[in-house]
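1. take this sequence and fold it.
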Amino acid sequence: MPDRTPDHDPIGWMLVLTLAAFAGLTLAWFLVGGLEYAYKRIGIPEGAMFGVMFGSLAGSAINIPIGRVRGKPRRSVQQIQIFGRRYRIPVEQPATTTTLAVNLGGAVIPTGVSAFLLIHDSIWWQAAIGVACVTLIVHLIARPVEGVGIQVPGIVPPLLAAGVSLLIAPHLAAPVAYVSGSLGTLIGADLLNINRLGSLGGGVASIGGAGTFDGVFLSGIVAVLLVAVA
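-> As a prediction, the model looks like this:
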């Protein structure tokens, strides 16, 4: 009777799954540890730290509607074929209505944290300079994408916020970096382009969500970590 070898090794698959789960847990531990360290650096009270962390991450999926933006009619070209000949016919598409919303994790909570830091650390003029610098650069590089929203390269805001904060406020670099990265990205990418959201299509245009969540929330956290290692 011929020997039959199994098509797969169940022990091997269990080992792979175990290693993958271990790697995922390790990554999550480093992520949570990094966020906790960043919030400690900027001065968030320990009792409120977990609520801010969880609310920011979980709140990224929550959009709060605040109004509607009506876009302009758009023209496109449709090709038709009659008796073997192709014709290009302009077609006018009706104007669409986009729901304007504010993202809880990417706009509301970072703005609240920034307001707390402004008052708690009295970093009014330092933050004003940092926010202005980040706002200007982010607004220049932000790109509206039809059907998606405003897109910002995620690495630029944290690098800029960290650099500006170290130059103007080396002793208060962490809170200044957070405020500059969060508010600067939010203002430069979304608020200054709010009049263009209606022409991008899509059902919902979220301030601080989708394409700018990493720039608003994560840029503040990464900026603080960059300041810490600088």
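2. list the helices and strands the helix or strand where Leu167 lies packs on?
-> For Leu167, the host element (DSSP states H and E) is helix 156-168. Helix 156-168 is packed against helix 124-141, helix 173-185, helix 219-229, with contacts defined by 3 or more Cβ pairs under 8 Å, 6 or more residues apart in numbering; DSSP states H and E. C-beta here means a position set from N, CA and C on the backbone, and glycine is covered the same way.
3. next, the angle from it to helix 124-141.
-> Calculated by axes from the mean of the first three to the mean of the last three Cα atoms, to 10 degrees, helix 156-168 forms an angle of 150 degrees with helix 124-141.
4. so Met49 touches Ile42, yeah?
-> No - the pair Met49 and Ile42 fails to qualify as a contact (Cβ atoms under 8 Å) at a distance of 10.2 Å.
5. who's more crowded, the two?
-> Legend: neighbour count by other Cβ atoms under 10 Å for Met49 and Ile42, higher for Ile42 (25 against 15).
6. show me the contacts for that one.
-> Val113, Leu117, Ala174, Pro175, Ala177, Tyr178, Val224 (Cβ atoms under 8 Å, 6 or more residues apart in numbering).
7. may I ask which of these has the most neighbours?
-> Neighbour max across those (other Cβ under 10 Å) = Ala177, 36 neighbours.
8. can you read off the pLDDT for it?
-> Confidence at Ala177, expressed as pLDDT, is 89.
9. list the contacts of it.
-> Contacts of Ala177 by Cβ under 8 Å, 6+ apart are 42, 130, 158, 161-162, 164-166, 220, 223-224, 226-227.
10. test my guess that Ile207 contacts Ala189.
-> No - the criterion here is Cβ under 8 Å, and Ile207 misses it with Ala189 at 9.1 Å.
11. which stretches of this protein form strands?
-> 63-70, 74-82, 85-93, 97-103, 143-145, 149-151, 204-207 (DSSP state E).
12. which neighbouring elements make contact with the first one?
-> It stands for strand 63-70. strand 97-103, strand 204-207.
13. and Gln151, how many residues sit next to it?
-> With other Cβ under 10 Å as criterion, Gln151 counts 16.
14. which ones are touching it?
-> Ala142, Arg143, Pro144, Val145, Gly211, Thr212.
15. tell me the mean pLDDT for stretch 100-112?
-> Here the average pLDDT along stretch 100-112 is 87.
16. what residues of that stretch count as buried?
-> Buried residues in stretch 100-112, counting neighbours by 16 or more other Cβ atoms under 10 Å, are found at Leu100, Ala101, Val102, Asn103, Leu104, Gly105, Gly106, Ala107, Val108, Ile109, Pro110, Thr111.
17. for that stretch, measure first residue to last.
-> By Cα to Cα, to the nearest Å, the extent of stretch 100-112 from end to end equals 20 Å.
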